[in-house]
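Undergrad: Curious how this folds, go ahead:
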Amino acid sequence: MKNKLRLFSIFALLLTFPLVAAAAPDIEVLPAGHDFGDVAINATAATIITVSSVGDHDLLVTGIDFQAGSSADFVIAGAPSVPVLMPPPNGHVPSFDIEVTFSPASAGFSSATLLIYSNDSDEGVVEVILSGAGFQEAPPNSPSIDDILAFFDASVADGTLCGYGPGKSANGRRGALRNKIKAAGDMIDDGVDACEQLSDSYQRCDGLPRPPEFVDCPAAATLAQMIIGLMGQLGCE
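TA: The predicted structure is shown next:
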């Protein structure tokens with residue numbers, strides 16, 4: 001009977017004083033992801049990821065790394081050496097920053113996943129999703145179709161751009177090249193890929209025997225370089 005009374009007393013005591021949960025570390029990572037948006041090739045954009053200790057026990061961050069398969073365009077530019085031990089909040093929230101940069105080496109979409117390892121039992125590995133897109137920035141002073149056509153006409157007028165070929169065919173070829181360049185401009189205005197048209201125009205004034213040249217004289221080399229400049233602006237290969 002005494003044992004039963006003792007057990008009843010213990011049970012009543014537990015009901016009066018509920019068990020207190022054991023202290024546990026808790027990690028908070030903000031933001032959970034970041035989109036760098038459009039970034040010029042070989043330019044660099046940066047963001048900050050903040051890791052905080054928000055539990056009631058010491059948080060131990062044991063690793064910071066990218067998941068396998070992540071793009072090499074993303075780099076951890078700044079972070080403390082691991083392991084990092086952070087106490088529970090006591091008037092302030094202990095935290096540290098991770099700086100991640102995105103420097104695209106080529107045009108197109110890229111992504112990466114940053115992994116942060118800790119002794120948080122619920123979130124032993126936190127994933128931060130990163131993304132961005134590289135684009136080809138227009139070269140400074142890159143010529144437009146209007147610039148190329150204006151140079152073409154001025155060079156014909158001053159005699160520094162002449163047709164290439166026998167007899168009357170020379171002027172016909174020169175006119176045909178102008179029409180090719182003009183057609184490329186119309187394609188650009190219509191949002192159509194003009195790279196092939198521009199490449200063919202370039203090959204008609206690049207000084208090589210094949211395919212046959214359409215123009216000659218001193219301005220032909222400058223015309224070829226202007227077309228190459230526009231192709232670079234458009235991202236043509």
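
Undergrad: what residues does the host helix or strand of Glu28 touch?
TA: With secondary structure defined by DSSP states H and E, Glu28 is part of strand 27-30. When contacts are defined by CB atoms under 8 Å, 6 or more residues apart in numbering, strand 27-30 is touched by residues 49-55, 59, 61, 116, 118, 120, 123, 126, 128. No exception for glycine: its C-beta is placed from N, CA and C like everyone else's.

Undergrad: What segments of the chain are helices?
TA: Remark: helices assigned in the chain by DSSP state H are 2-16, 145-157, 169-189, 195-203, 219-234.

Undergrad: could these be laid out in a markdown table, adding distance to Val93 and mean neighbour count?
TA: Shown next, in a markdown table, are those (distance: least, CB to CB, whole Å; neighbours: other CB atoms under 10 Å):
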| stretch | distance to Val93 | mean neighbour count |
| --- | --- | --- |
| helix 2-16 | 34 | 9 |
| helix 145-157 | 57 | 16 |
| helix 169-189 | 54 | 17 |
| helix 195-203 | 53 | 18 |
| helix 219-234 | 49 | 19 |
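
Undergrad: between the ones you listed, which gets nearest to Ala133?
TA: helix 219-234 (17.0 Å; CB to CB).

Undergrad: Show me what that closest one is packed against.
TA: Under the contact criterion of 3 or more CB pairs under 8 Å, 6 or more residues apart in numbering; DSSP states H and E, helix 219-234 touches helix 145-157, helix 195-203.

Undergrad: what pairs with the residue found closest to Ala46 once you drop the neighbours it is linked to in the chain across the strands?
TA: Excluding the flanking residues, the one nearest Ala46 by CB to CB, 6 or more residues apart in numbering is Thr101, at 4.7 Å. Thr101 has these beta-bridge partners by DSSP bridges: Ala46, Val75.

Undergrad: residue contacts, Thr101?
TA: Applying CB under 8 Å, 6+ apart, the residues near Thr101 are 44-46, 74-75, 77.

Undergrad: circling back: list the ones among the contacts of strand 27-30 that fall in strands.
TA: Cross-referencing these against strands under DSSP state E gives 49-53, 59, 61, 116, 118, 126, 128.

Undergrad: Let me know the closest of those residues to Pro25.
TA: Nearest to Pro25 among the ones in strands among the contacts of strand 27-30, counting by CB to CB, is Leu59 at 4.2 Å.

Undergrad: Quickly list what that closest one is bridged to.
TA: Bridge pairing for Leu59 - DSSP bridges - gives Met86.

Undergrad: Could you check how far it is from Leu85?
TA: 8 Å (CB to CB, to the nearest Å).

Undergrad: Looking at these two, which is more packed in?
TA: Using other CB atoms under 10 Å, the more surrounded residue of Leu59 and Leu85 is Leu59, with 24 against 13.

Undergrad: Quick check, the more buried one in contact with Val93.
TA: No. With contact defined as CB atoms under 8 Å, Leu59 does not reach Val93; the gap is 10.7 Å.

Undergrad: Between those two, which contacts overlap?
TA: Here Leu59 and Val93 share the contacting residues Ser53, scored by CB under 8 Å, 6+ apart.

Undergrad: low pLDDT regions in the protein?
TA: Of all residues in the chain, those with pLDDT under 70 make up the ranges 1-21, 136-141.
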